[in-house]
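# Next comes the sequence, and after it the predicted model I'd like to discuss.
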Amino acid sequence: TMSTDADALAAEAASLDGYFSDAPLTPEPQYPPLNESFDTAIIITNLPKVGAAKIEKLTKVVTKLVSRIGTLAASDDFTGVYLPIDEAKDESFGFAICEYATKEEARQAVEVLQGYKFDKNHSLSVIPYNRAKDLEEVSTSADFEEPEPEPFRERPNTSSWLEDPVQRDQYVLREGKETIVKWSDGKTEPVVDYDGEREKQAGVAWCEYYTRWSPNGSYLATLVPNKGVILWGGDGFQKIARFPAPGVDTVVFSPQEQYLLTCNNRRDDPNSIKIFSIQTGKLLRAFPLYPKDFLPEGATMDQIPPPAFQWSHDDKYLARMGKDLISIYETPSMKLLDKRSLIADGIHEFQFSPKQNVIAYWAPEVGNAPAHVDLIELPSRKKLRQKNLFNVTKCSMVWQNDGEYLGVKVTRHTKSKKTLYNNLELFRLNEPGVPVEMIDIKDAVMAFQFEPSGSRFALIHAENPNASKVDVSFYDMMKKVEGDSKKKKGNNTLSKTVGKAEAHEVAEINKIETLSGKQCNAIFFSPAGSNTILASLGESASGTLEFYDLDNKSLVVKEHYRANNVLWDPSGRTVATIVSQPIGGGHFKFAMDNGYILWSFQGKQLHQESFENFYQFAWRPREKLLTKAERKKVLKNLKKYERQFDAADKERKRAEYLEKTTEKLALRSRFRERLAELRRFKAQQNQDRIELLGGYDSDDESIYVVKEHHVE
């Protein structure tokens, strides 16, 4: 039996011959490299302290919250979140340790969760784990020494330019390597205020890219793509603040100048868009270029541009469109309003009202549901108005500057979808129930613009959108009605009031006039109203500029060949027409036409400059301080103000004349003094000169022989 077993084992060993290695068996486990860094970990403090029975529930809530920001570094025995327990009290310590898969996600969690309102009694405080380790090494035994406060530095007066005695406006130019700010009064030649002389002496460029004024003109932002944004202001444009934003190519100020948004337009950067507090310089929050699930798989930025953030008029909210929603963030916490987005199925576009916390958006037809335009009030989310639309191809929305009216240009199609036509939906925001009126337009509408702070609007339309000749129609949202004799009811009888009632306005659309056969593709209303410019802009356009006064019906035709932009100054007295090129992108084919022309609102040319490389022209905005009633009062008493300004103009011209006359008189006086001095010098040398000439005095007329000759 023993021999049989031995034979069987020998046979089995022979069959396994070659399967085993001759190398000695010395197993050494290959562990992954030990990561001693805590860059991916954060500590969340100010959590509720709960008993052991509620630890699991609190852990789930915290895990759900932190996992929204990024992927947790979870394993078989670690969820990525740890809540330490005080065993003596059998409750949590009130903080949690969280670990993410990457340090970028951990850094973003610190920014996003800082100050997050966990419940009504707890707002979270978050620090990186490495920072906590550094604090552990701080000695608490030594006496605390209060640091010396930094000396007070008064910020530059960013409104000093408004104190200009002759109420001039300013504008900034970017040409070649120069950035220049100039004064303009609409009457005399512009004067340089600042051209970066301080930076030139330091051997640096004041600006290398584009500039941007803040909405009230307090700051000038210069973009430095490699570093970020610098704000300048006050006398001599002193440096006020710097905001790190590598790759920045776009900046947007909030309307009240409290916040600054920067964007580098990089799809691969999770912090492509940054929101800063201007006062503190603190980064409040960062966002990716596209919202989650917004961009379809395989789509490019050229096909679907990123949705832009928009500010509310009072800086309280910042909003961006997402897929079937609008994300609205409150300032300064930058947290979602009510912790949830506003659902807006199929949304294609939205805009904030310029004067109210009201959002207008439109969505196309989906299934049997019609297209619609909605007005939503914030923060209540109350729907103020919904207008359903049918057979819609496209909509575009235009607000009046004071937020009193909203115009929606609707492009519709027939059932066959072969023919397109337009109509305007006009909302009256200040009327009860927000009534909507419609205007049917058979032509194609190429431009639609409201008069700033007024009730009128203009349309450019033509039967063919590519037509060289178009019509321009002007409408008014209000209609003047001659006052009828008022009637009053008393004792069941009707009696007429004595006297003639004054004309008054009623909320009714009326057509003012149509100008036919115009060469224009854009309308630009003056900020002061009444005056408009009908412009033909673009490479292939004629460059025709028609200055039209809507009140006086006067028309002046000018031309700026190849102009590609028209900009009114804030006062409405001067307008600039511009031919500019983009920064970068190689040679600009119309470089010989680069430059700008300043015109009066009546079409008189005031100033012209040309440049080989001209990138930007921008007027400095100014805040409107007068109410609508005060502006009406000024217009009513315009004759009185005209006399004041005429007197000021005469005084200015007299001062200029006296200055020039004083200079001439001083020059003449200096010349005469010099002449007398030379005569005295000659008289002193007269005797020496006679001796040198042997007694000959060239000034003695008696030694000359005078002969007279008469020639017929």
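Right, received. Where do you want to start?

# Let me know the next secondary structure element after the longest helix anywhere in the chain.
In the chain, assigned by DSSP state H, the helix with the most residues is helix 638-684. Past helix 638-684, further along toward the C-terminus, the next helix or strand under DSSP states H and E is helix 686-692.

# taking the mean pLDDT, what do you get for that following helix?
On average, the pLDDT along helix 686-692 is 84.

# do the same with stretch 378-388
pLDDT averaged over stretch 378-388 gives 95.

# Same question for stretch 307-315.
95.

# now stretch 480-498
49.

# Equivalent analysis for stretch 506-515, please.
Stretch 506-515 comes out at a mean pLDDT of 93.

# Can I get that stretch in CSV, CA atoms only?
Presented in CSV, the C-alpha positions along stretch 506-515 are these (Å, rounded to 0.1, in the frame of the first residue of the first chain):
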residue,chain,number,x,y,z
VAL,A,506,-52.8,107.0,-22.3
ALA,A,507,-51.2,103.6,-22.5
GLU,A,508,-51.7,102.8,-26.1
ILE,A,509,-49.2,102.0,-28.9
ASN,A,510,-49.3,104.5,-31.8
LYS,A,511,-47.1,104.7,-34.9
ILE,A,512,-45.2,108.0,-35.1
GLU,A,513,-43.8,107.8,-38.6
THR,A,514,-41.9,105.6,-41.2
LEU,A,515,-38.7,106.8,-43.0
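
# before we move on, the earlier item: roughly how far is the longest helix of the chain from the heart of the chain?
47 Å (CA atoms, centre = their mean, to the nearest Å).

# ok, now stretch 610-617?
For stretch 610-617 - counting by CA atoms, centre = their mean - the centre lies 21 Å from the chain centre.

# Quick one: residues in contact with it.
The contact list for stretch 610-617, computed with CB atoms under 8 Å, 6 or more residues apart in numbering, reads 171-176, 210-211, 565, 567, 576, 578-583, 588, 591, 594-596. Just so you know, the C-beta spots here come from the backbone N, C-alpha and C atoms, and that holds for glycine as well.

# just checking, which of those residues belong to strands?
171-175, 211, 565, 567, 576, 578-579, 595-596 (DSSP state E).

# what packs against the longest helix of the chain?
For helix 638-684, there is no helix or strand it packs on, judged by 3 or more CB pairs under 8 Å, 6 or more residues apart in numbering; DSSP states H and E.

# rerun that using 10 Å as the cut-off
In terms of contacts (3 or more CB pairs under 10 Å, 6 or more residues apart in numbering; DSSP states H and E), helix 638-684 is packed against helix 628-636.

# which element follows the strand of greatest length in the chain toward the C-terminus?
If each strand of the chain is counted by residues according to DSSP E, the longest one is strand 504-518. Moving toward the C-terminus from strand 504-518, the next helix or strand (DSSP H and E) is strand 522-525.

# now that following strand, how far from the centre of its chain.
Centre to centre, stretch against its chain (CA atoms, centre = their mean), the figure for strand 522-525 is 20 Å.

# Same question for stretch 265-279.
That offset, for stretch 265-279, works out to 15 Å (CA atoms, centre = their mean).

# Between the two ends of it, how far is it?
End-to-end span of stretch 265-279 (CA to CA, to the nearest Å): 25 Å.

# Next: stretch 251-258.
Termini of stretch 251-258 sit 13 Å apart (CA to CA).

# and that stretch, average pLDDT?
Stretch 251-258 comes out at a mean pLDDT of 96.

# about what we covered before: in its sheet, which strands sit next to the longest strand of the chain, and in what direction?
If you go by DSSP bridges, strand 504-518 pairs up with strand 470-481 (antiparallel).

# pull the CA atoms of the strand it pairs with into PDB?
The C-alpha atoms that make up strand 470-481 are tabulated as PDB, following Å, rounded to 0.1, in the frame of the first residue of the first chain:
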ATOM      1  CA  VAL A 470     -34.800  99.600 -45.700                       C
ATOM      2  CA  ASP A 471     -37.600 101.300 -43.800                       C
ATOM      3  CA  VAL A 472     -37.300 102.800 -40.300                       C
ATOM      4  CA  SER A 473     -40.500 103.000 -38.200                       C
ATOM      5  CA  PHE A 474     -40.900 104.800 -35.000                       C
ATOM      6  CA  TYR A 475     -43.600 103.900 -32.400                       C
ATOM      7  CA  ASP A 476     -44.600 105.300 -29.000                       C
ATOM      8  CA  MET A 477     -45.900 103.100 -26.100                       C
ATOM      9  CA  MET A 478     -48.000 106.200 -25.000                       C
ATOM     10  CA  LYS A 479     -50.500 108.200 -26.900                       C
ATOM     11  CA  LYS A 480     -51.400 111.800 -26.400                       C
ATOM     12  CA  VAL A 481     -55.100 112.400 -26.200                       C
END
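
# quick revisit: got the ones in strands among the contacts of stretch 610-617 as TSV, with pLDDT, distance to Gln356 and neighbour count columns?
Shown next, in TSV, are those (pLDDT from 0 to 100; distance: CB to CB, whole Å; neighbours: other CB atoms under 10 Å):
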residue	pLDDT	distance to Gln356	neighbour count
Tyr171	97	31	22
Val172	97	31	22
Leu173	95	36	24
Arg174	95	35	23
Glu175	93	40	20
Thr211	95	30	20
Asn565	95	30	16
Leu567	97	27	15
Ala576	97	31	22
Ile578	95	33	19
Val579	93	38	25
Gly595	94	40	20
Tyr596	96	36	23
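
# Just give me the closest of the residues you listed to Glu137.
Each of these was scored against Glu137 by CB to CB, and Thr211 proved nearest at 45.8 Å.
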